[in-house]
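Q: Sequence first, then the predicted structure:
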Amino acid sequence: QVQLVESGGGLVQDGGSLLLSCVFPGRAAWRSYGMGWFRQAPGKEREFVAGIGWNPELRYYVTSVKGRFTISRDNVKNTMYLQMNNLKPEDTAVYYCAADEQYSGLNLMSRANFWGQGTQVTVSE
């Protein structure tokens, strides 16, 4: 079974930074998959945060994180990243990485074939 493995979550203060990583399978086909980050806060539905296409120049962010978060990928290291700066308490959630072979990176990721297990991000006031 395919696994995406996230890491990098933790506890930071308001205004702090974290770098999340997501390792994906090393098979060549995965380099053509679009990937993204979702998050789910307690009592809320899972929401899309940012996405990146097989072409790393194609990236999409939701308004609430634009200018603070940066998504990137390194196909040599089989890793996707989410650099989160100027974190706010409302960013507190479990963050999941996801992948879909049809996602382009031009808009919201509406579906995903593969998911990671999640990593907790907590931002204190």
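A: Okay, I see it.

Q: Tell me the backbone dihedrals of the most centrally placed residue in the chain, please.
A: Central residue of the chain (CA atoms, centre = their mean): Trp37, 2.4 Å from the mean position. Main-chain dihedrals, Trp37, degrees, to the nearest 10: phi -120, psi 140.

Q: Gly105 now?
A: Main-chain dihedrals, Gly105, degrees, to the nearest 10: phi 90, psi 0.

Q: Pull the contacting residues for the residue nearest to it when sequence neighbours are not counted.
A: Nearest-residue entry for Gly105: Gly53, 2.6 Å, with adjacent residues in sequence omitted and distances by CB to CB, 6 or more residues apart in numbering. All C-beta atoms are positioned from the backbone trio N, CA, C, and that covers glycine. Contact analysis of Gly53 by CB atoms under 8 Å, 6 or more residues apart in numbering lists 34, 59, 103-106.

Q: so which two of these are the farthest from each other?
A: Within the contacts of Gly53, two members stand farthest from each other by CB to CB: Arg59 and Tyr103, at 11.5 Å.

Q: Which one of these two is surrounded by more residues?
A: Tyr103 (25 against 17; other CB atoms under 10 Å).
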